Structures are given as structure tokens and as C-alpha cells.
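Asks: coords please:
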Amino acid sequence: MSKKEKLTDEQGDELLEQQQLAQEPQSQSDKKQSKAEAEQKSTLEQLKESVTEDDDAPVGSLTLRTILGGDILSAAMVRRQVWLCLLIAFFVTVYVAFRYQCQQDMIDIEQLEAQLIDAKYKALSSSSTLTERCRESRVLDMLHAKSDSTLMPSKMPPFKIEIPEEDE
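Replies: Numbers count the residues shown, from 1 in each chain. Purely as a prediction, here's the structure:
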């Protein structure tokens, strides 16, 4: 359809409406009123559908008194975020527990390292004492002091004994 035809159709529709209005003025006004009421109802229904109970109520003045009084905790926002708050509290608790455990482990490690150093020093001192007591000169002095041993140091230097191998 061309623009002229559309215009003529629209004009024709308008003329028909005007004729119907002239013929039935009262019924047409009733139709307009019912049409306006239907539009209002549809608008009201759209508002009812878009508005839910979860919508935030308009916040009044946020004062220190409302915060300290606990009124802010009853707000819809906090009620919706309760699981997030619990999750954050859980993670904070786990973090603190792990940190405490780590500090306890570090204290235990330091104590064990101190004990290890003490044990090394004792082992070193025991080893040096044993080495001192096991010297040949020291052993000979102890034997002469007690004079109950017939052991005497050798007058000949040590030598190697060679054993010939037998081939069979």
C-alpha cells in the first residue's frame, strides 16, 4: 500500500468513528470510559506484577541511634545477605584457627631446634671425653697406676705380615 492509500484508510476510519459517535454518543462515551478503566487496570496490574515484597522499603534517615539500636539488622538487605555474612564469618574463623595453629607449630619447632642444639653439644662433649680417655698414653698411664695388668707396650714398631696367595 502506498502512503496515500494508508492516509485515506486512516481518514476513512476516522470518518467512520465520527459517524458512529454521532449516531451513538452515549454508547461511545461509555466505551471510552471502559477503555480508560481498562488502561488503568492494566497499569495497576503491571505495577502489582513489578512490585514484590523483596523490594527495599525507602530508607529513612540512617542515624547512629538506628545502627547502635540494631534496627539496621532487620533491614531487608541484611536479611538477604545472611548467607554471605555466615560465609565470611566461617572464613574468618578458619583463617584465625590456621594462624593460631601455625604459630603453635612455629613455637614447637623453635623448642625442638633448641633441644637439637643441646643434644649436639652433649654429643660433641661426650665424643671429646671418650677420645681423651681412649688415647694410648692415657690407657698406659691408667694401667701403670693400677699395676694389676701385665700388659706392656710393644718395643717393636708395627709391621705388615704378607701372606702369599695360593693358586689352586
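
Asks: select the longest helix from the protein.
Replies: Assignment by DSSP state H gives helix 82-133 as the longest helix of the chain.

Asks: what is the subsequent helix or strand relative to that one?
Replies: Using DSSP states H and E, the next helix or strand after helix 82-133 towards the C-terminus is helix 136-146.

Asks: and Glu162, what element?
Replies: Here Glu162 is assigned to no helix or strand, by DSSP H and E.

Asks: how about the contacts made by Ile67?
Replies: Applying CB atoms under 8 Å, 6 or more residues apart in numbering to Ile67 gives no contacts. In short, each C-beta sits where N, CA and C put it, glycine included.

Asks: from Ala145, how far off is it?
Replies: Using CB to CB, to the nearest Å, Ile67 is found at 91 Å from Ala145.

Asks: so, low pLDDT: which residues of the chain?
Replies: 1-31, 47, 50-61, 149, 168 (pLDDT under 70).

Asks: how close does the residue most central in space within it get to Tyr100?
Replies: Closest residue to the average C-alpha location of the chain: Phe91 at 5.2 Å, with CA atoms, centre = their mean. Using CB to CB, Phe91 is found at 15 Å from Tyr100.

Asks: likewise for Arg65?
Replies: Per CB to CB, Arg65 is found 37 Å from Tyr100.

Asks: what do you get for Asp71?
Replies: Look at Asp71 and Tyr100: by CB to CB, they are 35 Å apart.

Asks: out of the two, which sits in the more crowded spot?
Replies: Asp71 (13 against 10; other CB atoms under 10 Å).

Asks: now do stretch 78-95: distance to the chain's middle.
Replies: Offset of stretch 78-95 from its chain centre (CA atoms, centre = their mean, to the nearest Å): 11 Å.

Asks: cool, and stretch 35-54?
Replies: For stretch 35-54, the separation from the chain centroid amounts to 45 Å (computed by CA atoms, centre = their mean).

Asks: repeat for stretch 111-121
Replies: Distance, centroid of stretch 111-121 to centroid of chain: 37 Å (CA atoms, centre = their mean).

Asks: just stretch 136-143 next, same as before
Replies: Per CA atoms, centre = their mean, the centroid offset for stretch 136-143 relative to its chain is 70 Å.

Asks: let's have the chain start at 727 instead
Replies: In the new numbering, first residue 727, that becomes stretch 862-869.

Asks: mind exporting the C-alpha coordinates of it to CSV?
Replies: Provided in CSV are the C-alpha atoms of stretch 862-869 (Å, rounded to 0.1, in the frame of the first residue of the first chain):
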residue,chain,number,x,y,z
GLU,A,862,97.1,-44.9,74.1
SER,A,863,99.1,-42.8,76.5
ARG,A,864,96.2,-42.3,78.8
VAL,A,865,95.4,-46.0,78.8
LEU,A,866,99.0,-46.9,79.6
ASP,A,867,99.1,-44.3,82.5
MET,A,868,95.9,-45.9,83.9
LEU,A,869,97.4,-49.4,83.7
